[in-house]
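Visitor: fold the following.
(2 chains)
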Amino acid sequence: MTFLLQTALLARRRILETLRQPIWVFMGMSVPLMYLALFAPLLKPLAGGPGFPGGSVLDVFVPGILALMAFGSGMGAGWIVIGELDSGVIERLRVTPASRLALVLGTVLRDVLMFVVPAALVLVVATPFGFDPHWAGLAILLGLLALLTAACSAGSAALGITLKQIGSLAAVVTGLQLPLTLLAGVLLPLSLGPGWLQGLAHANPMYYAVEAARDLASGTLASATVAEGFAVMGAAALLAIWWSTHAYRRAMA
Amino acid sequence: MRAAVTPGERVAALAVRVTGLRKSFSGRGGRVEALRGVDLSVPAGQIYGFLGPNGAGKTTALRILTTLLRADAGEVVVAGLDVSSHPAAVRRRIGYVGQRGGADIEATGRENLVLQGRLYGMGRHETERRADELIERLDLAAFCRRIARTYSGGQRRRLEVALGIVHRPDVLFLDEPTLGLDPQNRANLWDQLRRLRDTGTTVLLTTHYLDEADQLSDRVAIIDNGLVVAEGPPEELRGRHPAGVTITPRPGSADLAAVAAELGREPLVRGARIDGDTIRVDLDGATTGMAAVFDLLRARGVEVLGVSLREPSLDDVFLHETGRSLRDAGHPATTEAIAS
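Guide: Okay, here's the model as predicted:
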């Protein structure tokens, strides 16, 4: 009970923080829309070709964009954590009896919200342009990608506490972003690539999320791919949250 | 609210008891021993100062006392509870104001206070009332509904002290609380800490300002190089060292060497010597000693042109114990901070 209340209070603090920075909200919304407006047209000629079976290219492209949004919404957490290490906020909170898990989850919940709301907007905007929505599948898809956001948010916070410096964090996150997103087939399906690339992708947890997301978006709800996606993302989220809680417990500014 | 306690009652209880505290860190240049066997007893209901240069181990000790850091060895009891075996229970009884402050600058002052109270398990209405009480007491009303990012240094520090006492802790810890404050805000904070003490809260602070240790603290522990080198009420520590009196006689009015020798035999005089045209006398207890010195000077017909008195300071204590002046000790950056 206390734990749930603390989590809610800490999430509320984070959400207020976000709402007070309209630029965050604005950029969170506009980046995916720019992908839709500027990148999707490049894919148009590929419709019906390899990797884009039938229908609109958006049916393949939108789930990938959503996964990219889920990744980006979570990965910002580390920057905020480093700011709070420097200003002593984390130290102050660590001297209170507040649950360390609640400290992590407060941020995770905000980041999930900051993914789900713009993502729903992207779906609404994409529909008139030829995206074929299967709403039940999309609802489950948002749930699946929320796990990806949670994993990224908790992981980024743990990295922030461990590295303590914005520069190091930026280097690590940028270094991870390219292989993780490229090897997940976020922008272009991996089926376009050679066998070794597809094999390498299986080592990337995000790959399973994107594969499952494409199934869900096309209305296939009960596939082994979807189950795999949930299993991998659930495990990644749990692992990252455990790591982050552990990092909060022993944080030293 | 806690009932006020009389000074006599306070002395009995200990707010903090530390025995054999050790902590070392592994750094690039090998292991660094930050604390090398610290023993301390902090009586409840007093303002207690840790005085020492940067790198002396004050902050490390404070971080162990506030559950932020684990000790390598030794026993630490805060508010009657062992810190290593009951950290959660200790956290409920203590408040902490860190060197970096810790106010959430993206939230308003009032939001900061209310969240802090709720995290300590206080009910919503109770927290709101307490927040309003602290807003009035620490004079935050004019800005408490603004985002803390916009606060001046003094305003932010007052908010941070309020954050440390929302839940009415038994012991409040502050790490260099007046660092970077202007004299007016500094005096204001001292007053607030005295008021806290007067309502029964034990206040434990680290400082490298001599006057803060001397005038604000009821007791001080002088820490250097991971050890407590002197401990006690500041006036008592100072009192172990002589006051320096410099007397300038009218030239030729007396045989200075003879007078100095005679002064040296006075009971309260530790030593007297000629220094150019002046006589320098080291006195135990300036008030009583001065009278004896002047009686003797008058009896020998010495005509006095000028007198200057230098009372012993905690720096003399530090110098005596460590062979260095507090101003020169520690990290180069500290010396600047002390001078500023």
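Visitor: CA atoms of the longest helix seen in chain B as PDB?
Guide: Across chain B, the longest stretch assigned as helix under DSSP state H is helix B:183-198. Extracted C-alpha coordinates of helix B:183-198, given in PDB (Å, rounded to 0.1, in the frame of the first residue of the first chain):
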ATOM      1  CA  PRO B 183      26.300  36.900   5.600                       C
ATOM      2  CA  GLN B 184      22.600  37.800   6.000                       C
ATOM      3  CA  ASN B 185      21.300  34.400   4.900                       C
ATOM      4  CA  ARG B 186      24.000  32.800   7.000                       C
ATOM      5  CA  ALA B 187      22.900  34.600  10.100                       C
ATOM      6  CA  ASN B 188      19.300  33.700   9.300                       C
ATOM      7  CA  LEU B 189      20.200  30.000   9.000                       C
ATOM      8  CA  TRP B 190      22.100  30.000  12.300                       C
ATOM      9  CA  ASP B 191      19.000  31.400  14.000                       C
ATOM     10  CA  GLN B 192      16.800  28.700  12.400                       C
ATOM     11  CA  LEU B 193      19.200  26.000  13.600                       C
ATOM     12  CA  ARG B 194      19.200  27.500  17.100                       C
ATOM     13  CA  ARG B 195      15.400  27.500  17.200                       C
ATOM     14  CA  LEU B 196      15.400  23.900  16.100                       C
ATOM     15  CA  ARG B 197      17.800  23.000  18.900                       C
ATOM     16  CA  ASP B 198      15.600  24.900  21.400                       C
END
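Visitor: who's in contact with it?
Guide: B:4, B:45-47, B:137-138, B:153-154, B:157-158, B:161, B:165, B:172, B:174, B:177-178, B:181, B:203, B:205, B:212, B:215-216, B:218 (CB atoms under 8 Å, 6 or more residues apart in numbering or on different chains). In short, each C-beta sits where N, CA and C put it, glycine included.
Visitor: list the buried residues in that helix.
Guide: Across helix B:183-198, burial judged by 16 or more other CB atoms under 10 Å in any protein chain shown covers B:185-186, B:188-190, B:192-193, B:196-197.
Visitor: is it possible to export these to JSON lines including pLDDT?
Guide: Below are the buried residues of helix B:183-198 laid out as JSON lines (pLDDT from 0 to 100):
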{"residue": "B:Asn185", "pLDDT": "93"}
{"residue": "B:Arg186", "pLDDT": "94"}
{"residue": "B:Asn188", "pLDDT": "94"}
{"residue": "B:Leu189", "pLDDT": "95"}
{"residue": "B:Trp190", "pLDDT": "96"}
{"residue": "B:Gln192", "pLDDT": "95"}
{"residue": "B:Leu193", "pLDDT": "96"}
{"residue": "B:Leu196", "pLDDT": "96"}
{"residue": "B:Arg197", "pLDDT": "97"}
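Visitor: okay, now the closest residue to chain A within the stretch 201-340 of chain B: neighbour count?
Guide: The stretch 201-340 of chain B approaches chain A most closely through B:Leu204 (13.3 Å), counting by CB to the nearest CB. B:Leu204 has 27 neighbouring residues, counting by other CB atoms under 10 Å in any protein chain shown.
Visitor: Three-state assignment for it, please.
Guide: The three-state label given to B:Leu204 by DSSP: H, G, I helix; E, B strand; the rest coil is strand.
Visitor: is the strand or helix carrying A:Gly229 anywhere near chain B?
Guide: Element membership of A:Gly229 [criterion: DSSP states H and E] is helix A:224-249. No. For helix A:224-249 and chain B, the contact criterion (CB under 8 Å from any CB of the partner chain) is not met; the two come no nearer than 10.3 Å.
Visitor: picking up where we left off before, buried ones among the contacts of helix B:183-198?
Guide: B:45-47, B:138, B:154, B:157-158, B:161, B:165, B:172, B:174, B:177-178, B:181, B:203, B:205, B:212, B:216, B:218.
Visitor: B:Gly289 is in contact with B:Ala272, isn't it?
Guide: No. With contact defined as CB atoms under 8 Å, B:Gly289 does not count as touching B:Ala272 (11.1 Å).
Visitor: residues shared between the contacts of those two?
Guide: B:Val281.
Visitor: which of the contacts of helix B:183-198 fall in helices?
Guide: B:137, B:153-154, B:157-158, B:161, B:165.
Visitor: for A:Tyr207, what are its contacts?
Guide: A:183-185, A:190, A:201.
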